[in-house]
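In: When you get a sec, could you give me coordinates for this:
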Amino acid sequence: MSFKKNINDIKKNYSLGIIGGGQLALMLTEAAKKRDLEVCVQTKSCDDPAGSKADHVIEADPLKIRGNKSLINECEKIIFENEWIKIDKLNLIGNEDIFVPSLNAIKPLVDRFSQKKLIDRMNIPCPKWISIEDFKNLSDEEINNWTFPLMAKSNKGGYDGKGNRKIKTKEDLDSFLTENNSDEWLIEEWIEYEKELALVGSRDRTGKIRFFPIVETFQSNHVCDWVLAPGSNEYDLNLFAINIFSSIVNELNYVGVLAIEFFYGDNGLLINEIAPRTHNSAHFSIEACTSSQFDQYVCISSGIIPPEIKMNCEGAIMINLLGLKKNFPISMETRIKMLSEIEGSNIHCYGKSREILGRKMAHITFLLNGKTHSERYDEAQILLTMVRDIWPSPNA
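Out: Model prediction:
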């Protein structure tokens, strides 16, 4: 077997190992191949999205330590598709230097409790929150300081609207407390906001931070429907978001790619969640930027100096394509063909074996030409309508 030399003094079979094999791992693998790096992924099945592009697949649940050991033995550096990892067990089987980001850096970000505690400790604005366990111990007077509706969030595993529940009344709350393990949930105040924004960036081993443009995300039923980049041209707002991002990654000595989701409105800029990984809101970067979020992560992990990030166009729209009902009259193959015929379309199919209602099957990106935010928004709306006429959102 020939070894790639992109990582200095490489001794193992593969430059990069990825824990996870979904669409994020697929796009990381594609970015690595462009850098002539060999990749091994650990995922449940060779038929998972990244399995089709990886040089080698370790068929094992990403949470299984036996598979993790095999991956570590095969690969120079280990990177993560998502934050659902068992840090304590990984600490026992791998040298801290092999993981990017380090386990110490990612540890405060793998669940919502630890994220919230970090944000509070750093005095960064976020919605008021409390664990349900602590909420149960509040006095009647203290409970009156919380007004309905409330948002209940699971401590772990929440994504794409999963793990979120709106609590409209005291009766809803009582029912929720009866049904759910209080150790696994927290309560947040309900936030009325004007926009949802996201900022994705990278930090390399020298401490240099690079940013993608702040984007506006548009949700449907708590799931991201589409993304407009750039999403804000307000200098003070952008600067505040960048300062928050920089403070967090520097505090953690975080190396890799990280995303922050924000609420913005009358309460100012508030952190909603932190994702210690590549993120749906920056998929547009594959076509619209000089270096994508996946390229940044691959370069930083493998010792390549990451390129500077610049947009190579005025803007972009990324639209998520989710699974539709079995009886939808147009097949997925036909929908993809129809979308590919729209001028300027860039379709990324994830190669998932089955179309399941609400499942992320693909995304499509268009570059925008408008010189102002309003012009780009109007242009994006036309493209969004064209796409949704062919492939509607199941959440609409």
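
In: so where's the stretch 101-250 of the chain uncertain?
Out: Flagging of the stretch 101-250 of the chain using pLDDT under 70 yields the residue ranges 158-161, 181.

In: got the residue ranges for the strands in it?
Out: Using DSSP state E, counting those that start in this stretch, the strands found in the stretch 101-250 of the chain span residues 129-131, 150-154, 164-167, 185-189, 195-203, 209-211, 215-220, 223-229.

In: Setting aside sequence neighbours, what's the nearest residue to the residue positioned nearest the centre of the chain?
Out: The residue lying closest to the centre of the chain (C-alpha atoms, centre = their mean) is residue 279, at 2.6 Å. If the residues on either side of it in the chain are set aside, residue 279 comes closest to residue 259, at 3.5 Å by C-beta to C-beta, 6 or more residues apart in numbering. Glycine gets a C-beta too; all of them are placed from N, C-alpha and C.

In: what's the burial count for that neighbour?
Out: 21 (other C-beta atoms under 10 Å).

In: Just the element for it, please.
Out: strand 256-265 (DSSP states H and E).

In: So the closest residue to residue 317 other than its chain neighbours: helix, strand or coil?
Out: Once flanking residues are discounted, residue 317 sits nearest to residue 380: 4.1 Å by C-beta to C-beta, 6+ apart. For residue 380, the secondary-structure state derived from DSSP: H, G, I helix; E, B strand; the rest coil is helix.

In: list the contacts for residue 380?
Out: Applying C-beta atoms under 8 Å, 6 or more residues apart in numbering to residue 380 gives the contacts 226, 228, 315, 317, 366, 368.

In: Could you give the bridge partners of the residue nearest to residue 279?
Out: residue 200, residue 275 (DSSP bridges).

In: That one and residue 283 touch, don't they?
Out: No. Checked against C-beta atoms under 8 Å, the pair residue 259 and residue 283 is beyond contact range at 11.2 Å.

In: Run the chain-centre distance for stretch 176-183.
Out: Offset of stretch 176-183 from its chain centre (C-alpha atoms, centre = their mean, to the nearest Å): 27 Å.

In: contact partners of that stretch?
Out: So stretch 176-183 is contacted by 131, 132, 133, 136, 152, 155, 165, 167 (C-beta under 8 Å, 6+ apart).

In: try stretch 352-359
Out: Against stretch 352-359 from outside (C-beta under 8 Å, 6+ apart): 23, 47, 49, 160, 223, 322-326, 332, 361, 394-395.

In: ok, these vs residue 290, which is closest?
Out: residue 23 (22.5 Å; C-beta to C-beta).

In: what sits against the closest one?
Out: Counted by C-beta under 8 Å, 6+ apart, residue 23 has contacts 49, 350, 352, 360.

In: how about 6 Å then?
Out: By C-beta atoms under 6 Å, 6 or more residues apart in numbering, the contact set of residue 23 is 49, 350.

In: What pLDDT is listed against it?
Out: On the pLDDT scale, residue 23 is placed at 98.

In: quick one, helices of the stretch 101-250 of the chain?
Out: For the stretch 101-250 of the chain, the helices defined by DSSP state H, counting those that start in this stretch cover 103-106, 112-121, 132-136, 140-143, 170-179, 235-252.

In: Show me how far the fourth one is from its chain's centre.
Out: How far helix 140-143 lies from its chain's middle: 36 Å, per C-alpha atoms, centre = their mean.

In: Could you list the buried residues of that helix?
Out: When neighbours are counted by 16 or more other C-beta atoms under 10 Å, no buried residue of helix 140-143 is found.

In: Check the secondary structure at residue 269 for me.
Out: Classified using three-state DSSP, residue 269 is strand.

In: what's in contact with stretch 273-281?
Out: Everything outside stretch 273-281 that qualifies as a contact, by C-beta under 6 Å, 6+ apart, is 24, 82-83, 106, 109, 115, 198, 200, 215, 217, 224, 227, 257-261, 293-294, 297.

In: Using PDB, list the CA coordinates for that stretch.
Out: Extracted in PDB, the C-alpha atoms of stretch 273-281 (Å, rounded to 0.1, in the frame of the first residue of the first chain):
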ATOM      1  CA  GLU A 273     -26.500  26.600  20.100                       C
ATOM      2  CA  ILE A 274     -22.900  25.700  19.300                       C
ATOM      3  CA  ALA A 275     -22.000  22.900  16.900                       C
ATOM      4  CA  PRO A 276     -18.300  21.700  17.200                       C
ATOM      5  CA  ARG A 277     -18.200  20.500  13.600                       C
ATOM      6  CA  THR A 278     -19.000  21.400  10.000                       C
ATOM      7  CA  HIS A 279     -22.600  22.600   9.700                       C
ATOM      8  CA  ASN A 280     -25.600  22.700   7.400                       C
ATOM      9  CA  SER A 281     -25.500  26.500   7.300                       C
END
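
In: Separate out the buried members of the contacts of stretch 176-183.
Out: For the contacts of stretch 176-183, buried by 16+ other C-beta under 10 Å: 131, 132, 152, 155, 165, 167.

In: how close does the second one sit to residue 180?
Out: When you say that, I think you mean residue 132. Per C-beta to C-beta, to the nearest Å, residue 132 is found 8 Å from residue 180.

In: Also the last one?
Out: Remark: distance between residue 167 and residue 180 (C-beta to C-beta) = 11 Å.

In: Ok, the fourth one next?
Out: Residue 155 sits 11 Å away from residue 180 when distances are taken as C-beta to C-beta.

In: Which residue ranges make up the domains of the chain?
Out: Listed by automatic domain parsing, the domain ranges of the chain are 14-100, 128-189, 195-390.

In: right, so the ones you listed: which one is the most enclosed?
Out: domain 14-100 (a mean of 20; mean count of other C-beta atoms under 10 Å).
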